[in-house]
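In: My questions are about this predicted structure, shown below with the sequence.
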Amino acid sequence: MTGAKIFTIANQKGGVGKTSSVVQIASGLARRGEKVLMIDGDPQGNLTLFFGAKEKLDFSRLIDDLAKDAKPKPEAFINPRVRRNLDLIPAANKRLRLDIHDTQIIGDYERFAEFVGALRNRYDWIIIDSSPSNSPLEHMLIRASDAVIIPLEFQLFSVSGLESILEEVRACSAEAGREIHVHSLIFTKAENRLHRVQTYRELFSTFHIPVYEICKSEYISRSLEKSRTIWECGPSSYAARDYRTLIDKGFPVPL
Ligand SMILES: Nc1ncnc2c1ncn2[C@@H]1O[C@H](COP(=O)(O)OP(=O)(O)OP(=O)(O)O)[C@@H](O)[C@H]1O
Ligand SMILES: [Mg+2]
């Protein structure tokens, strides 16, 4: 497979740092000089709100067109250059929900995967944001991906959440007939002083998945509030250092 690698950032738990991770990773890769497409696959549209894109048709219209087999044209959906080297397919319809009983659904999964796959040759990376749920919509996003990135918080409840996402990724791999990898776990809001943090580190290391930690930082909250990436509003912060490590180690420069 050549061209862009496709990632979905997923966790059915809300507020774990999915959207902030898409923002910082995608913009960090774009600043490194690579061409990046973000897809706002979350009907809440937080990623779209951050970048303020609105000129184009949105993700729910894309899903609609794919369901009707209307052969959507990427140009109608892609907001070019929300930052240098960084494009976005926005989400603007909060009511979008795929119906699990829809008999067309399997066909739709394939069509979405084909639509995104056809964009591989235009980009180095494609990064998809997803909603805090475990519905056919997230299933469709994961099935279209090469790998999944899972943001988490250091909590005991995160273990059962993680197990169910891993199960979901395995199910998607089996249906797609190819392996969808789990790229990494990202512990957002990491605090060394947190009680039992070392115990959590040991516990999560038993999953044998690369782990990254992003320190809890005011700069991340400020970044989201001001719609400025961490590279724009706090490039020398500890959070920027942590995201830089994640990008350098986890996203090798494409050949
Ligand atoms: N490293 C961090 N330090 C401090 N706060 C953080 C950090 N990462 C994320 N947050 C905060 O956590 C909150 C949730 O982040 P975010 O919106 O990215 O999560 P999400 O998983 O996308 O949420 P949702 O499930 O609703 O889509 C935000 O207020 C954000 O500022
Ligand atoms: Mg989000």
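Out: That came through fine. Numbering: from 1, shown residues only. Ligands and ions are numbered 1, 2, ... in the order given.
In: count of residues packed around residue 254?
Out: 14 (other C-beta atoms under 10 Å). From N, CA and C alone the C-beta is placed, and that goes for glycine too.
In: Could you do residue 50 as well?
Out: By other C-beta under 10 Å, 25 other residues sit near residue 50.
In: What's the separation between residue 137 and ligand 2?
Out: According to C-beta to the ion, to the nearest Å, residue 137 and ligand 2 sit 13 Å apart.
In: That residue touches residue 41, doesn't it?
Out: Yes - counting by C-beta atoms under 8 Å, residue 137 does reach residue 41; the two are 7.1 Å apart.
In: Looking at these two, which is more packed in?
Out: Between residue 137 and residue 41, residue 41 has the larger neighbour count (other C-beta under 10 Å), namely 27 against 22.
In: now the helices for the stretch 1-150 of the chain?
Out: 18-31, 46-51, 59-67, 105-117, 136-143 (DSSP state H, counting those that start in this stretch).
In: can you redo those helices as TSV with mean pLDDT?
Out: Listed next are these as TSV, based on pLDDT from 0 to 100:
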stretch	mean pLDDT
helix 18-31	98
helix 46-51	96
helix 59-67	89
helix 105-117	84
helix 136-143	92
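In: just these: most buried one?
Out: Neighbour counts (mean count of other C-beta atoms under 10 Å) averaged over each of these peak at helix 18-31, with a mean of 25.
In: Output the longest strand seen in the chain as PDB, restricted to C-alpha atoms.
Out: For the chain, the longest strand by residue count, based on DSSP state E, is strand 181-190. Taking C-alpha atoms only, strand 181-190 is exported to PDB below (Å, rounded to 0.1, in the frame of the first residue of the first chain):
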ATOM      1  CA  HIS A 181      -3.200  -2.100  14.000                       C
ATOM      2  CA  VAL A 182      -3.400  -0.400  17.300                       C
ATOM      3  CA  HIS A 183      -0.700   2.300  16.800                       C
ATOM      4  CA  SER A 184      -0.500   3.500  20.400                       C
ATOM      5  CA  LEU A 185      -2.100   4.500  23.700                       C
ATOM      6  CA  ILE A 186      -1.800   8.100  24.600                       C
ATOM      7  CA  PHE A 187      -2.200   9.000  28.200                       C
ATOM      8  CA  THR A 188      -3.400  12.600  28.000                       C
ATOM      9  CA  LYS A 189      -3.500  14.700  31.200                       C
ATOM     10  CA  ALA A 190      -0.600  12.600  32.700                       C
END
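In: Show residues contacting it.
Out: Strand 181-190 is contacted by residues 7, 16-17, 20-21, 146-154, 162, 166, 169, 197, 204, 207, 209-216, 220, 242, 246, 250 when judged by C-beta atoms under 8 Å, 6 or more residues apart in numbering.
In: Report the distance from the helix or strand following that strand to the chain centre.
Out: Next in sequence after strand 181-190, counting helices and strands by DSSP states H and E, comes helix 197-205. Relative to its chain's centre, helix 197-205 lies at 24 Å (C-alpha atoms, centre = their mean, to the nearest Å).
In: ok, now stretch 201-214?
Out: On C-alpha atoms, centre = their mean, the centre of stretch 201-214 falls 19 Å from that of its chain.
In: What average pLDDT does that stretch get?
Out: Averaging pLDDT along stretch 201-214 yields 94.
In: Does ligand 1 have contacts with it?
Out: Yes - between stretch 201-214 and ligand 1, judged by C-beta under 6 Å from any ligand atom, the touching residues are residue 214.
In: hang on, the earlier thing: quick check: neighbours shared by residue 137 and residue 41?
Out: Taking C-beta under 8 Å, 6+ apart as the criterion, residue 137 and residue 41 both touch 130-131.
In: ok, back up a step: hmm, which of the contacts of strand 181-190 are the buried ones?
Out: Buried subset of these (neighbour count, 16 or more other C-beta atoms under 10 Å): 7, 16-17, 20-21, 146-154, 162, 169, 204, 212-216, 220, 242, 246, 250.
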